[in-house]
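A.B. asks: What follows is a predicted structure for the sequence shown.
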Amino acid sequence: MKIKGLIAIELSERSFKIAQAVHTPNGPKLAALTSGAWAPKEEGDSDETKLKAALRELPFSIRAVIGSLPRSQVTTRHLLLPSQNPRELKQMVALQMQRQIPFSEGKMVFDYRVLEEAPAGYTHLFLVVADEAVVHRSLSVLQKAGTSPQAISFSSWGLLRWFSLHRPPKETDAFLLFLHLDRWGTQAEIIRHDQLYFSRSFPVGAEALKQPEALSAFTQEISRFINAFQKDFPEATVTSATLAGVQEVLPRVQTSLKELLTCPVDLLQWSESPWVPESLRGTLDTAGVSYASVAGLVFVDRPVPNLFPEAVKRRQRLRVLEKLTARLLVLAVTFFLLIGASFQGLLQERRRYLAHLHEELRHLEPQISQVASMEEELALLRVRTKEAFGLLEGLRALYEAIPQTASLTFLSIEPDRVTLRGICSETSQVFTFAGALEKSPELEKVEVKSASQRKLQDREVIDFRIDALRTVKGDAL
């Protein structure tokens with residue numbers, strides 16, 4: 001019998017990488033590492049066919065999948081925003097992203113992580129953005145290969161986890177430089193307190209560094225990276241550097257960096273790692289590619305940045321909601337059936353008893369009244385059940401009608417009416433939203449009560465309120 005395992009799949013333009021981990025009595029361990037280059041389109045199998053063949057060769061069945069984009073296919077930013085309120089930060093990030101990221105509006109996906117709070121009510125954040133078409137393309141390949149990924153993240157997050165596994169965060173406030181040399185490129189990261197503060201990639205990898213003349217271009221890229229980091233964090237100092245990746249070129253690069261940097265430069269010591277079985281140590285030591293980015297993702301101990309498009313995230317949330325709703329309905333139906341059966345059995349028993357003793361027990365009128373009262377209570381329970389189901393359907397219809405451009409800040413559901421308040425970027429979007437609500441069979445007489453403009457940072461937003469009547473009277477929320 002196969003044990004189910006978590007896998008991470010990184011898809012680049014040249015190749016794919018796969019890592020699989022399984023849980024053992026001694027904790028999680030790597031179970032498999034594999035990679036492959038995409039064949040030219042005119043020479044045979046499609047990408048998903050080759051990937052599917054590699055997945056079939058994994059030693060354990062698949063429990064969950066995390067997809068990953070290489071760092072070269074995403075854009076990252078450090079943001080310093082004037083708020084420490086999570087809801088306000090989310091709104092500010094959306095506005096900042098449209099200003100700073102070089103993709104057209106509506107064609108990008110993003111996620112972010114809060115790094116730390118700053119003085120005067122500010123917050124440092126790490127933002128990652130990808131072209132929606134790139135994410136859809138990777139998602140399509142993964143799905144055609146027979147997998148259903150829980151998230152699409154990026155390689156820097158896997159490297160952060162791989163680094164943290166072997167260099168646990170210390171109590172100091174030091175900034176650490178982590179350099180990962182893969183076959184065709186290098187990723188540079190600044191890490192502090194197990195958080196990713198800064199990240200870049202450049203196309204000078206192990207293949208190029210086999211030639212001595214490439215070291216000059218490599219060190220120039222590292223200098224540019226450190227200078228860019230210090231522009232965002234002018235008071236920061238990098239106190240140490242760590243190298244990982246294709247083992248063949250690391251000693252030569254280490255020697256070159258010691259001449260460039262004023263801090264110690266060490267190699268990442270993974271050879272004694274309890275997470276890597278003996279059978280895979282040779283793969284990590286001699287492979288022409290580095291598996292650190294996918295190996296780190298299968299050991300994640302917190303949610304990864306997820307670059308799924310909002311429509312995919314909404315479908316995921318809807319599936320979760322549908323599962324929860326179905327479970328609630330089953331529980332509710334079972335409960336009311338049991339209650340109904342209990343009442344029905346009790347009623348039948350008392351009716352037979354009353355029929356048998358009708359003449360003798362005429363003076364027991366209170367018991368007869370009690371039976372009638374129980375029948376009324378059962379009817380009331382059936383009505384309440386129907387109203388509860390109607391409320392759930394109303395909530396679901398309302399959720400589906402909310403457009404991506406609007407954010408709700410208040411929702412009130414009363415027995416006969418619904419009140420919504422929120423914000424959006426344009427007045428026309430308010431009436432578009434109201435029109436969508438008007439089409440819902442659960443609502444009628446949808447009316448925009450107010451739509452006032454105010455300034456948020458350097459952008460105008462619309463505060464709105466929409467009222468509507470419920471077509472079926474029910475419970476309040």
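C.D. replies: Perfect, thanks for sending it.

A.B. asks: Go ahead and flag the most central residue of the chain.
C.D. replies: Centroid-nearest residue in the chain: Asn306, 3.7 Å away (criterion: Cα atoms, centre = their mean).

A.B. asks: which ones are touching it?
C.D. replies: Taking Cβ atoms under 8 Å, 6 or more residues apart in numbering, we find Asn306 in contact with Asp111, Ala151, Ile152, Ser153, Lys313. (Glycine included, C-beta is placed from N, CA and C.)

A.B. asks: Of the residues you listed, just the buried ones, ChimeraX syntax please.
C.D. replies: Command for ChimeraX that selects the buried part of the contacts of Asn306, burial taken from 16 or more other Cβ atoms under 10 Å:
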select :111,151,152,153
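
A.B. asks: and the two most separated of the contacts of Asn306?
C.D. replies: By the measure Cβ to Cβ, Ser153 and Lys313 form the most distant pair in these, at 13.4 Å.

A.B. asks: Does Glu10 touch Ser155 like I think?
C.D. replies: Yes: contact criterion Cβ atoms under 8 Å: Glu10 and Ser155 qualify, at 5.9 Å.

A.B. asks: More neighbours: these two, which one.
C.D. replies: Ser155 (29 against 24; other Cβ atoms under 10 Å).

A.B. asks: domains of this structure?
C.D. replies: What automatic domain parsing lists as the domains of the chain is 1-74+128-166+269-308, 310-401, 403-477.

A.B. asks: Lowest average confidence across the ones you listed, which one?
C.D. replies: Lowest mean pLDDT within the domains of the chain: domain 310-401, at a mean of 68.

A.B. asks: Pull up the gap between the residue nearest to the centre of the chain and Val135, please.
C.D. replies: In this view, Asn306 and Val135 are 10 Å apart by Cβ to Cβ, to the nearest Å.

A.B. asks: Overlap in contacts, these two.
C.D. replies: Residues touching both Asn306 and Val135 by Cβ under 8 Å, 6+ apart: Ile152.

A.B. asks: quick one, phi psi at the residue lying closest to Asp111 once chain neighbours are set aside?
C.D. replies: Excluding the flanking residues, the one nearest Asp111 by Cβ to Cβ, 6 or more residues apart in numbering is Pro305, at 4.0 Å. Listed backbone geometry of Pro305 is phi -60, psi 130, with angles given as degrees, to the nearest 10.

A.B. asks: Do I have it right that Pro305 meets Val109?
C.D. replies: No: when contacts are counted by Cβ under 8 Å, Pro305 is not listed as touching Val109 (10.4 Å).

A.B. asks: So which of those two has more stuff around it?
C.D. replies: The neighbour comparison of Pro305 against Val109 (other Cβ under 10 Å) goes to Val109, with 25 against 21.

A.B. asks: which SSE is that one in?
C.D. replies: Assigned by DSSP states H and E, Val109 belongs to strand 108-118.
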